[in-house]
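A.B. asks: Below is the structure, and that's it, no one-letter string:
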């Protein structure tokens with residue numbers, strides 16, 4: 001459906017008189033008439049057309065005799081944003097995906113009965129057999145800018161600590177609602193939003209707030225029974241406000257408050273700082289604190305149907321310490337603690353963890369009583385643009401059978417990531433290659449049950465990605 005809307009819109013726009021036409025030849029003494037920047041024609045014909053194509057190969061190499069999974073996916077999208085007209089702009093974009101050649105996602109591993117965890121996420125989780133008809137209307141918005149105030153209403157990309165693109169598959173998570181930005185006070189910025197729709201990564205549809213929670217695997221309740229809150233939650237909106245004080249690039253304090261209507265409230269305080277140690281070397285420091293509590297009025301009273309249980313609370317804190325060369329490298333050490341107060345919960349459909357210790361392809365959402373520590377080395381070469389990041393971490397989680405603290409049946413693990421990216425220049429500008437290698441080893445008890453192993457630990461995940469932006 002989005003392709004029809006998008007291309008009809010673009011066709012109508014491109015068909016406007018004067019759009020894309022070469023200027024007529026004129027006599028060298030004739031003065032050209034200035035463009036009428038107040039016309040509707042200028043509003044559309046002076047806009048920006050852009051596109052993105054993406055190829056993604058992914059392979060999960062599980063320990064024998066467990067099944068390996070793989071995927072080959074290709075997609076392309078196109079978008080358009082008008083020129084400003086009295087502060088107003090409009091935008092529209094969409095993307096389609098093809099399953100070129102992948103594992104049969106309807107066939108689970110015969111040992112555990114578990115299916116693909118990562119590769120199925122390249123396509124549509126809600127329809128694993130769909131290989132061709134995967135398209136999504138992504139952006140459809142109107143925005144307004146006046147001095148230091150910006151407003152944006154409609155379907156759009158979003159990036160904040162709890163709701164973000166989590167762009168580790170073919171397409172990111174998107175949101176629908178009204179967002180604002182204000183930067184009219186020196187060293188101060190405010191961002192906020194009222195959201196009433198979410199299109200999670202690994203889906204092709206748009207969902208109400210309550211409907212969007214539970215599309216990803218739901219884990220277990222605190223009594224060990226299988227969670228069943230999908231389509232059983234009643235929530236109409238998400239409200240958030242993020243206040244940031246920033247002094248140049250050396251010091252920043254952010255306070256984020258987010259309320260999921262009738263379900264949960266979360267607050268996060270984060271401090272980031274850089275201190276010059278030598279002319280070319282800075283010290284890097286960070287601190288983070290998160291507090292959560294449930295809003296009982298929105299929880300389903302039926303046993304096993306609640307996402308967050310009545311009276312449930314959670315608390316996490318973390319620290320970062322490192323050094324950074326001002327030109328091309330940095331070394332970081334990170335620690336995060338989720339206390340035993342309760343399970344840290346945030347819809348996995350909405351974004352990645354905000355913790356300093358986050359590493360691509362795993363999360364600590366759904367756990368309590370966690371100690372996580374990791375270190376990373378980042379190196380970039382200015383001339384070629386090549387970037388490489390090497391990360392290693394240990395994540396000590398509750399026992400897989402401690403259901404009150406371990407929602408997702410994940411054992412303690414160690415993880416190694418190697419991420420290399422190369423952007424081409426000159427003739428091939430816009431083309432970028434990325435390779436991501438992930439190893440996860442087991443550090444916990446699995447009780448001889450491979451359902452705690454497959455796609456989780458004792459595995460290697462290979463990712464090769466080609467992006468082209470134009």
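C.D. replies: Structure's in. What do you need? Nothing here was measured: the structure is a model prediction, and the numbers come from that model.
A.B. asks: Could you pull up the residues touching residue 342?
C.D. replies: The contact partners of residue 342, by Cβ atoms under 8 Å, 6 or more residues apart in numbering, come to 292, 312, 313, 314, 315, 368. Placement of C-beta: from N, CA and C, glycine included.
A.B. asks: Give me the buried subset of these.
C.D. replies: 292, 312, 314, 315, 368 (16 or more other Cβ atoms under 10 Å).
A.B. asks: so how far is residue 253 from the first one?
C.D. replies: Read it as residue 292. Distance, residue 292 to residue 253, by Cβ to Cβ, to the nearest Å: 20 Å.
A.B. asks: can you redo the buried ones among the contacts of residue 342 as TSV with distance to residue 345, secondary structure and pLDDT?
C.D. replies: TSV is the format used below for these (distance: Cβ to Cβ, whole Å; DSSP: H, G, I helix; E, B strand; the rest coil; pLDDT from 0 to 100):
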residue	distance to residue 345	secondary structure	pLDDT
292	7	strand	98
312	8	coil	92
314	7	strand	98
315	12	strand	98
368	10	coil	98
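A.B. asks: those helices in this structure, which residues are they?
C.D. replies: 2-14, 40-45, 209-212 (DSSP state H).
A.B. asks: now for the shortest one, which elements pack on it?
C.D. replies: Spelled out, that is helix 209-212. strand 188-199 (3 or more Cβ pairs under 8 Å, 6 or more residues apart in numbering; DSSP states H and E).
A.B. asks: where does the strand it packs on sit relative to the chain's centre, distance-wise?
C.D. replies: On the basis of Cα atoms, centre = their mean, to the nearest Å, the separation between the geometric centre of strand 188-199 and that of its chain is 15 Å.
A.B. asks: cool, and stretch 428-442?
C.D. replies: With Cα atoms, centre = their mean, you get 16 Å for stretch 428-442.
A.B. asks: buried ones in that stretch?
C.D. replies: Result for stretch 428-442 [16+ other Cβ under 10 Å]: buried residues 431, 432, 434, 436, 438, 439, 440, 442.
A.B. asks: Could you do stretch 252-267 as well?
C.D. replies: Neighbour-count burial for stretch 252-267 [16+ other Cβ under 10 Å]: 252, 254, 256, 258, 259, 260, 261, 262, 263, 264, 266.
A.B. asks: Same question for stretch 449-463.
C.D. replies: 450-461, 463.
A.B. asks: From residue 172, how far out is the residue most central in space within the chain?
C.D. replies: By Cα atoms, centre = their mean, the chain has its centre lying nearest to residue 166, at 1.8 Å. As for residue 166, its distance to residue 172 is 7 Å (criterion: Cβ to Cβ).
A.B. asks: again with residue 40
C.D. replies: Counting by Cβ to Cβ - residue 40 and residue 172 are separated by 32 Å.
A.B. asks: Looking at those two now, which is surrounded by more residues?
C.D. replies: A direct count of neighbours by other Cβ atoms under 10 Å for residue 40 and residue 172 places residue 172 higher, at 19 against 11.
A.B. asks: Ignoring the adjacent residues along the chain, who's closest to the more buried one?
C.D. replies: The shortest distance from residue 172 to any residue other than its chain neighbours is 3.2 Å, reached at residue 165 (Cβ to Cβ, 6 or more residues apart in numbering).
A.B. asks: Would you indicate which residues of stretch 412-423 are buried?
C.D. replies: Applying 16+ other Cβ under 10 Å to stretch 412-423 flags 412, 413, 414, 415, 416, 417, 419, 421, 423 as buried.
A.B. asks: can these go into a markdown table with extra columns for pLDDT and distance to residue 277?
C.D. replies: A markdown table is the format used below for the buried residues of stretch 412-423 (pLDDT from 0 to 100; distance: Cβ to Cβ, whole Å):
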| residue | pLDDT | distance to residue 277 |
| --- | --- | --- |
| 412 | 98 | 35 |
| 413 | 98 | 34 |
| 414 | 98 | 31 |
| 415 | 98 | 29 |
| 416 | 98 | 29 |
| 417 | 98 | 27 |
| 419 | 98 | 26 |
| 421 | 98 | 28 |
| 423 | 97 | 30 |
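A.B. asks: Let me have those in CSV, extended by distance to residue 112.
C.D. replies: Converted to CSV, those look like this (distance: Cβ to Cβ, whole Å):
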residue, distance to residue 112
412, 19
413, 17
414, 22
415, 21
416, 24
417, 25
419, 29
421, 34
423, 40
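A.B. asks: what's the farthest-apart pair in those residues?
C.D. replies: 412 and 423 (36.6 Å; Cβ to Cβ).
A.B. asks: Which pLDDT value goes with residue 224?
C.D. replies: Per-residue confidence (pLDDT) for residue 224: 94.
A.B. asks: out of the buried ones among the contacts of residue 342, who's nearest residue 225?
C.D. replies: residue 312 (16.0 Å).
A.B. asks: for that closest one, phi and psi?
C.D. replies: Backbone torsions of residue 312, given as degrees, to the nearest 10, read phi -70, psi 140.
A.B. asks: which regions of the stretch 201-350 of the chain sit below the pLDDT cut-off?
C.D. replies: For the stretch 201-350 of the chain, applying pLDDT under 70 flags the ranges 297-298.
A.B. asks: how many neighbours does the residue lying closest to residue 173 once chain neighbours are set aside have?
C.D. replies: Ranked by Cβ to Cβ, 6+ apart and with sequence neighbours excluded, the top spatial neighbour of residue 173 is residue 201, at 4.6 Å. For residue 201, the neighbour count with other Cβ under 10 Å is 25.
A.B. asks: got it, and residue 109?
C.D. replies: Around residue 109 there are 19 residues (other Cβ under 10 Å).
A.B. asks: Can you name the residues that contact it?
C.D. replies: 62, 66, 67, 115, 454.
A.B. asks: distance of it from residue 367?
C.D. replies: 24 Å.
A.B. asks: what's the answer for residue 39, then?
C.D. replies: Distance from residue 39 to residue 367, by Cβ to Cβ: 57 Å.
A.B. asks: between these two, who's got more neighbours?
C.D. replies: Shown here are residue 39 and residue 367; by other Cβ under 10 Å, residue 367 has more neighbours (23 against 13).
A.B. asks: Quick one: the strands in the stretch 301-450 of the chain, in order.
C.D. replies: Along the stretch 301-450 of the chain, counting by DSSP state E, counting those that start in this stretch, strands occupy 313-325, 329-338, 370-380, 387-396, 413-423, 431-442.
A.B. asks: okay, residue 356: pLDDT?
C.D. replies: 98.
A.B. asks: ok, it touching residue 319?
C.D. replies: Yes - if you go by Cβ atoms under 8 Å, residue 356 and residue 319 touch, sitting 7.1 Å apart.
A.B. asks: Give me the more crowded residue out of the two.
C.D. replies: Taking other Cβ under 10 Å, residue 356 and residue 319 do not tie; residue 356 has more neighbours (23 against 17).
A.B. asks: Leaving out the residues flanking it, which one is nearest to that one?
C.D. replies: Counting by Cβ to Cβ, 6+ apart, the residue nearest residue 356 is residue 334, at 3.9 Å.
A.B. asks: Please report the distance of residue 99 from residue 130.
C.D. replies: Counting by Cβ to Cβ, the gap from residue 99 to residue 130 is 8 Å.
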